[in-house]
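>>> 3D model of this:
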Amino acid sequence: MSWQETPSALRFDTAFTDFAEAFAFLTRVAAIAEEMDHHPDMSISWNKVTLVLTTHSEGSTVTELDRRLAARIDEVVAG
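Numbers count the residues shown, from 1 in each chain. Next comes the predicted model:
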């Protein structure tokens, strides 16, 4: 899994075999985000998913919280 980092966000783009697989992935990410009380921007277009992590309360910058969420998402991808 490859995250692109800018000063203001971590971004991940990926594709799945179909919409159902992409949606299932986002459902797992949503559960983790709720648990951590840190919610990414998520978008889906058929089988393509984009996640953007940033901490708005810290001036829309990347923080350790974003890195921890990204690591948890990496675990989902690794299965």
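>>> what's the neighbour count on the nearest residue to L10 once chain neighbours are set aside?
In space, and not counting its chain neighbours, L10 is closest to L53: 4.3 Å by Cβ to Cβ, 6 or more residues apart in numbering. Any C-beta I mention is one placed from the backbone N, CA and C, and that applies to glycine too. Per other Cβ atoms under 10 Å, the neighbour tally for L53 reads 25.
>>> again with L10
Residue crowding around L10 was assessed by other Cβ under 10 Å; the count is 20.
>>> That one reaches R68, doesn't it?
No. Between L10 and R68 there is no contact under Cβ atoms under 8 Å: 11.0 Å.
>>> Looking at the residue nearest to L10 now. What's its pLDDT?
The model reports L53 with a pLDDT of 98.
>>> Name the residues that touch stretch 18-25?
A15, F16, I44, W46, N47, K48, V49, V76, V77 (Cβ atoms under 8 Å, 6 or more residues apart in numbering).
>>> list the buried ones in it?
Using 16 or more other Cβ atoms under 10 Å as the test for burial, stretch 18-25 gives A22, F25.
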